[in-house]
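K.L.:
model the structure of this input:
(one chain, ligands or ions: 1)
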Amino acid sequence: MTTTAPTFPETFLWGGAVAANQVEGAYDEGGKGLSIQDVMPRGIMAPRTDAPTPDNLKHEAIDFYHRYAEDIALLAEMGFKVFRFSIAWSRIFPLGDEAEPNEEGLAFYDRVLDECEKHGIEPLVTISHYETPLHLAETYDGWTDRRLIGFYERYARTLFERYGSRVTYWLTFNEINSVLHAPLMSGGINTPKNELSRKDLYTAIHNELVASAAATRIAREVVPEALIGCMVIATPIYPLTPDPRDVLAAMKADHANLAFSDVHVRGVYPGYFLRTLREEGLELSDLGATEEDLALLREHTVDFVSFSYYMSVCETATQEVEAGEGNIMGGVPNPTLEASQWGWQIDPVGLRVVLNQFWDRWNKPLFIVENGLGARDELVTGPDGEPTVVDDYRIDYLRDHLIQVGEAIADGVTVLGYTTWGCIDCVSASTAQLSKRYGFIYVDRNDDGSGTLERYRKKSFDWYKEVIASNGASL
Ligand code: BGP
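P.N.:
Okay, here's the model as predicted:
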């Protein structure tokens, strides 16, 4: 097998990604309401708290709310072409269901966009990234209630009207398929996972998909030049053995994820999804799906498919194997792969596999909007006397994955761009800690909340700068 040097299109969008709740802090400033993240101090797997508690690192996070200009300047120094960030719904509509937006919240993102424009960085905006207003979780049980569709429509319209002339790329929901595994974080569903009925879970999925299509319809009307993308967790699921029963188990697990983009892209619920519903004793009508909903899904499909990629997993129907560590997707470990310090199995080739699978399946441009290595970094003094991190492990991870992106492009896949996750260190979604770091930029803040919040360039900072400057040739 020959491997050619990767070639990226001239228009390739190189950059990085963050989410509001993981970087902004200022959780009660500027008229912001509480979001579900403000009562999730211990991450996805732990139960929520009754009210905000002082140990919640997201309350200050890395203080991007006050330091955004300095941070975006650092991203610009690396040559970023694109910066993915999310808008905190509860900054714009503090409760989520009120009639009028909060001007102070809107003005903050104007300022963020000003900085992006100053540096010629294209914004890529996630409308909802695990930040459902807490009031919607507590009063409506999140997306299980279809009234959220209307609240989301109002929110999305407000964003398109305010920022539409400045933002081309929009994502409706971050990792929409994660609602299967993390209903509170992903779907603002307050009912604990073990008490949530399948009917309510599938209703929430339907409501989110309809809301996404509704936002797409509004974008077509308000900003016809906008490009709307869906966003899913992409995890290749391999059969653990060649036994056809394992192959089938892997296919079924894959279907659970593919269903979301099948609806976003093709506009109809796939047969295998309807079968899953039937096996649960449900029909689409039990989820409250109306003829109007189905027409909306059909008529307002997305322009591109975006995804996060961190790992692959295996499935088996024939063996007793313990589930993999640390990831929300389930599956069992692949005996051929190494794992990160948090048990996420590292599989660069899987990225090429998934890019090909998605391209063949949907024929829509793809955007890799998250990829990276969470690691414990050690701050040392660099040759210039400045603190730094010698993160060769991160460079290796990113290089290996980018080479596979190049391979997929050579396979004929259209890839719009690549934004690494947590381009600046931020609070981790799964652990709610700062010690799981992904950035090119180190932020001096520790899990106990101590630290100066100073920013330092890691070794990977200069490496990525060179990758961007050479349009991938330096890989
Ligand atoms: C994705 C989320 C991000 C981000 C990333 C890394 O699932 O969209 O918000 O946090 O994973 O995960 P973690 O922070 O748990 O390492």
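
K.L.:
which strand or helix spans the closest residue to residue 72 other than its chain neighbours?
P.N.:
Using Cβ to Cβ, 6 or more residues apart in numbering and skipping the chain neighbours, the partner closest in space to residue 72 is residue 115 (4.2 Å). The way it works is simple: take the backbone N, C-alpha and C, and place the C-beta from them, glycine included. Using DSSP states H and E, residue 115 maps to helix 103-118.

K.L.:
for that helix, packing partners?
P.N.:
helix 64-77, helix 89-92, strand 122-128, helix 147-163 (3 or more Cβ pairs under 8 Å, 6 or more residues apart in numbering; DSSP states H and E).

K.L.:
quick one on the thing from earlier: ok, now which ones touch the residue nearest to residue 72?
P.N.:
By Cβ atoms under 8 Å, 6 or more residues apart in numbering, residue 115 lies in contact with 68, 69, 72, 73.

K.L.:
what about the residue nearest to residue 166 when sequence neighbours are not counted, distance to the ligand?
P.N.:
Closest residue to residue 166 apart from its sequence neighbours, by Cβ to Cβ, 6+ apart: residue 113 at 5.0 Å. Distance, residue 113 to the ligand, using Cβ to the nearest ligand atom, to the nearest Å: 21 Å.

K.L.:
what's the burial count for residue 113?
P.N.:
Burial measure for residue 113: 21 neighbouring residues, criterion other Cβ atoms under 10 Å.

K.L.:
is it true that it touches residue 162?
P.N.:
No. Between residue 113 and residue 162 there is no contact under Cβ atoms under 8 Å: 9.6 Å.

K.L.:
how far does stretch 19-26 stretch from one end to the other?
P.N.:
One end of stretch 19-26 sits 14 Å from the other (Cα to Cα, to the nearest Å).

K.L.:
same thing with stretch 407-417?
P.N.:
End residues of stretch 407-417 are separated by 14 Å (Cα to Cα).

K.L.:
run through who's touching it.
P.N.:
Under Cβ under 8 Å, 6+ apart, the answer for stretch 407-417 is 3-4, 6-9, 11-15, 81-82, 124, 304, 351-352, 355-356, 359, 365-368, 405.

K.L.:
with adjacent residues omitted, what lies nearest to the residue of the stretch 251-400 of the chain at minimum distance from the ligand?
P.N.:
Nearest residue of the stretch 251-400 of the chain to the ligand (Cβ to the nearest ligand atom) works out as residue 374 at 4.3 Å. Distance criterion Cβ to Cβ, 6+ apart; nearest residue to residue 374, sequence neighbours excluded, is residue 436 at 4.2 Å.

K.L.:
count of residues packed around that neighbour?
P.N.:
By other Cβ under 10 Å, neighbour count at residue 436 equals 25.

K.L.:
residue 428 is in contact with that one, correct?
P.N.:
Yes. Applying Cβ under 8 Å, one finds residue 436 in contact with residue 428, separated by 4.0 Å.

K.L.:
overlap in contacts, the two.
P.N.:
What both residue 436 and residue 428 touch, as defined by Cβ under 8 Å, 6+ apart, is the set residue 374.

K.L.:
ok, the nearest residue to residue 419 once chain neighbours are set aside to residue 353 distance?
P.N.:
Closest residue in space to residue 419, ignoring its immediate chain neighbours: residue 17 at 4.1 Å, by Cβ to Cβ, 6+ apart. To residue 353, residue 17 is 22 Å away according to Cβ to Cβ, to the nearest Å.

K.L.:
okay, these two: which has more neighbours?
P.N.:
In this view residue 17 and residue 353 are compared by other Cβ under 10 Å, and residue 17 has more residues nearby, 29 against 16.

K.L.:
pLDDT score for that one?
P.N.:
Per-residue pLDDT puts residue 17 at 99.

K.L.:
list the contacts for it?
P.N.:
Counting by Cβ under 8 Å, 6+ apart, residue 17 has contacts 83, 84, 85, 124, 369, 370, 419, 420, 421, 422, 423.

K.L.:
rerun that using 6 Å as the cut-off
P.N.:
84, 369, 370, 419, 421 (Cβ atoms under 6 Å, 6 or more residues apart in numbering).

K.L.:
now those residues in CSV, with pLDDT, secondary structure and neighbour count?
P.N.:
Shown next, in CSV, are those (pLDDT from 0 to 100; DSSP: H, G, I helix; E, B strand; the rest coil; neighbours: other Cβ atoms under 10 Å):
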residue, pLDDT, secondary structure, neighbour count
84, 99, strand, 29
369, 98, strand, 29
370, 98, strand, 25
419, 99, strand, 26
421, 98, strand, 24
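
K.L.:
all good on my end, thank you.
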